[in-house]
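Asker: Sequence and predicted structure are below.
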Amino acid sequence: MLRVIVRRLLQLVVTLIGLSLLVFVWLRNLPGGPIEALLGERATPERRALLVKALGYDQPILVQYAKFMQRLLTGDFGNSIRSGDPVTEVIGRAFPATIELAAAAMIIAIGLGVPLGYLAARHRGRLLDNMSIAGTLLGISIPIFFLGYLLKDVFTQNMHWFPPSGRMSTGVDNTEVTGFFVLDGLLTREFDASADALWHLILPALTLATIPLAVIVRITRASVLDVLNEDFVRTAEAKGLRHKTIRGRHILRNALLPVVTTIGLQTGALLSGAVLTERVYNWGGLGTLIYNSISGGRDYPVLQALILLAALVFVVVNLLVDLSYAFIDPRVRVR
Amino acid sequence: MSLLDVRDLSVVFQRRGERPFTAVDKVSFSVEPGQTVGLVGESGCGKSVTSLAIMGLLPRRGNKVTGEVNFDGADLLKLRPDDMRDRRGRDIGMIFQDPLSSLNPVVPIGVQVAEVLERHRGMDRKVAMKEARELLDAVGIPDPMRRLKEYPHQISGGMRQRALIAIALACKPRLLIADEPTTALDVTIQAQILTLLKQLVDETGTALIMITHDLGVVAGLCDTVNVLYGGKVVERAERHELFARPRHPYTHGLLNSVPRLDSPRGERLHAIRGSVADNIPWVEGCAFAPRCDNVVDACLEGTPPLEPTATGGDLRCNNPVSEEVAVP
């Protein structure tokens, strides 16, 4: 088991190095750039040349890359071109917001998706099943930004059930501990702050959850249908076990493997969904940061770090998924 | 009073857009306490469906079950699903054909034995595990303490079937249904499992319904044998009587198609012509008629009734094999 982990981590390092080179070269070949953003279009060539030299962009790209990697090894991602703050700080500020949003979305997607998928399979061909098939199709097809604006329009403009945007109402007194606002409120016993943060969280989380929810329902349904045909389910019935035992121990434990894989892949994909969702709800997380770093003049250092972070999250989540197999399926453990 | 009395049990599969298919057609038989009864026939004759119907394990949709299954004074077919659930595993145990797929791959053997004790005998996990250890020991699994924690893929096929027998007998049911319990096993293991089953039913006084296509299994185990063809009982007889004097041409054919050690070398094996799927059973005339060597005109005009024979059995045939030409 330890060997598997070490091997995967080594693979991760190789992946990240390759990706960083790719991103580095690719970003610098995009039209536009930080110079135009900082100086405007009518800057004199002399001033441009001065800034290019100051930022080190006059050197060959591989030399730039080598310097970047050198600093990276000491934990220095450089400074943001836009704000001048260290990249680690810029990302550190936005990171908890996105994690909070993504975690809430995954809780919704898993918490609703697995039971719904199970029920759909158990009522195969009947109303509930057909509704779940139609609903998941809609959930997968509907563009996130469209759904986001739709929910926002209906539930904030028309019904005033939820706040339109942001992570917290102005004027709520909260103490930051972890940066996860809902959690912070619980830790500091400022429960009103927690409630307010949760209230802000619901619509964005629902929006972000639609695609993973739909996918999880589908996969769970298909997987449970497979397991229902297995002989050991008939054995469990022949033992006269209670529904609860058959459902949990015999059906779901076996049906869960493909679902866990899906959860891993969807968690990675959440990051891209977060860009759109955060825009719609003005959620100050990584998605907003990516958007601003691209549109606000190619903030190379921030973008590089963000893309590497996204890759890191994706690989780590899927490593965790692979490891969780061993706990669910004893047949994997032997190898 | 019989322990189990099956009366006119019929199972009709009704799939939307398909012609209803009668898998079991008015089957009646009974099992006395401690008795071993065989249900014999080739694939598709309805023997497994009969057992699933008795257990109430057929899918809830897509089929119609009629008749009576009287067990212990109650008609199992009329019980509420939850009451039937209480009886399954406690009063009636069942063993299935493929021991690997019949065990849950992700749950340790010990838990799979213990859960049935927890369910029906109200034991907690610790006591149930101790009992499970003794049960595994009783079915001849070596080193049962270690096996408790192992998973199905870690033990051999014979041991898996032993574990399934331990599960089925855990609550000391009065009836055990074994659906082709040795078909998926090696021949040497088959004999071991059959010996074990015989020993266990003798020790515990459990009645056994043995479902099989293997006449060797019947010869070694069953008191009474019901031969099924096309969803109907065609012959019922006491074991020795059946082997000595098979009356139905189908039974005769089955016995004849068993290879024998004392037959001359080079002699061809006897086979019954055609297969069950060749006809729709019992619509007009005897379902076996197209494959029968003894067919007479009457066989094509209506289903022959199941009638008692002089030797205490029952027979559904217009022109039975005469006693003189019985098995060579």
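Answerer: Happy to help now that I have it. Predicted, not measured: the structure shown is a model, and the values here were computed from it. Numbering: from 1, shown residues only, chains lettered A, B, ... in the order given.

Asker: Please count neighbours and contacts with C-alpha atoms only from this point.
Answerer: Noted.

Asker: Helix or strand: which one has residue 233?
Answerer: Chain wasn't specified; assuming chain A. A:V233 belongs to helix A:231-238 when assigned by DSSP states H and E.

Asker: ah, I was thinking of chain B
Answerer: B:V233 belongs to strand B:232-238, assigned by DSSP H and E.

Asker: residues contacting A:V114?
Answerer: Listed by CA atoms under 8 Å, 6 or more residues apart in numbering or on different chains, the contact set of A:V114 reads A:216-217, A:220.

Asker: my read is it is in a strand, agree?
Answerer: No - according to DSSP: H, G, I helix; E, B strand; the rest coil, A:V114 belongs to no strand; its state is helix.

Asker: ok, it to A:G135 distance?
Answerer: 15 Å (CA to CA, to the nearest Å).

Asker: Return the distance of the strand holding B:V233 from the chain's centre.
Answerer: 14 Å (CA atoms, centre = their mean, to the nearest Å).

Asker: Ok, stretch A:66-86 next?
Answerer: On CA atoms, centre = their mean, the centre of stretch A:66-86 falls 24 Å from that of its chain.

Asker: Regarding that stretch, how distant is the last residue from the first?
Answerer: Per CA to CA, stretch A:66-86 runs 19 Å from first to last residue.

Asker: max-length helix in chain B?
Answerer: helix B:187-204 (DSSP state H).

Asker: what about the stretch 201-328 of chain B, any weak spots by pLDDT?
Answerer: B:276-281, B:323-328 (pLDDT under 70).

Asker: The residue of it found nearest chain A: what secondary structure?
Answerer: Closest residue of the stretch 201-328 of chain B to chain A, CA to the nearest CA: B:I209 (15.0 Å). Under the three-state scheme (three-state DSSP), B:I209 adopts strand.

Asker: Which neighbouring elements make contact with the longest helix of chain B?
Answerer: The contact analysis (3 or more CA pairs under 8 Å, 6 or more residues apart in numbering or on different chains; DSSP states H and E) places helix B:187-204 against helix B:157-169, helix B:215-221.

Asker: Using PDB, list the CA coordinates for stretch A:316-328.
Answerer: Output of stretch A:316-328 as PDB, limited to C-alpha atoms (Å, rounded to 0.1, in the frame of the first residue of the first chain):
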ATOM      1  CA  VAL A 316      -4.600  14.200  -5.000                       C
ATOM      2  CA  VAL A 317      -8.400  13.700  -5.100                       C
ATOM      3  CA  ASN A 318      -8.000  10.800  -7.500                       C
ATOM      4  CA  LEU A 319      -5.200   9.300  -5.400                       C
ATOM      5  CA  LEU A 320      -7.500   9.400  -2.400                       C
ATOM      6  CA  VAL A 321     -10.200   7.700  -4.500                       C
ATOM      7  CA  ASP A 322      -7.800   4.900  -5.500                       C
ATOM      8  CA  LEU A 323      -6.800   4.500  -1.900                       C
ATOM      9  CA  SER A 324     -10.500   4.400  -0.800                       C
ATOM     10  CA  TYR A 325     -11.000   1.400  -3.100                       C
ATOM     11  CA  ALA A 326      -8.900  -0.600  -0.800                       C
ATOM     12  CA  PHE A 327     -11.200   0.100   2.100                       C
ATOM     13  CA  ILE A 328     -14.300  -0.700   0.100                       C
END
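
Asker: Output the below-cut-off pLDDT ranges for chain A.
Answerer: Using pLDDT under 70, chain A drops low at A:333-335.

Asker: which residues are contacting stretch B:82-100?
Answerer: Residues contacting stretch B:82-100 (CA under 8 Å, 6+ apart): A:235, A:237-242, B:55-56, B:76, B:102, B:116, B:120, B:152-153, B:157, B:160-161, B:164-165, B:168-169, B:171-184.

Asker: same deal with stretch A:291-310?
Answerer: A:16, A:19-20, A:23-24, A:27-28, A:32-38, A:77-82, A:87, A:90-91, A:268, A:271, A:275, A:286, A:290.

Asker: one more time with 7 Å
Answerer: With CA atoms under 7 Å, 6 or more residues apart in numbering or on different chains as the test, stretch A:291-310 has contacts from A:16, A:20, A:23-24, A:33-34, A:37, A:77-82, A:87, A:275, A:290.

Asker: Can you spell out the domain ranges of the chain, please?
Answerer: As the question left the chain open, I've gone with chain A. Chain A breaks down by the TED database into domains covering A:1-74, A:87-333.

Asker: oops, chain B please
Answerer: B:2-221, B:232-260+B:267-313.

Asker: where do the helices sit along the stretch 101-250 of chain A?
Answerer: Taking DSSP state H, counting those that start in this stretch as the criterion, the stretch 101-250 of chain A carries its helices at A:127-141, A:144-152, A:181-187, A:191-228, A:231-238, A:243-245.

Asker: B:G67: neighbour count?
Answerer: 18 (other CA atoms under 10 Å in any protein chain shown).

Asker: quick one on the thing from earlier: looking at the helices and strands packed on helix B:187-204, which is buried most?
Answerer: helix B:157-169 (a mean of 25; mean count of other CA atoms under 10 Å in any protein chain shown).

Asker: Perfect, I'm done here.
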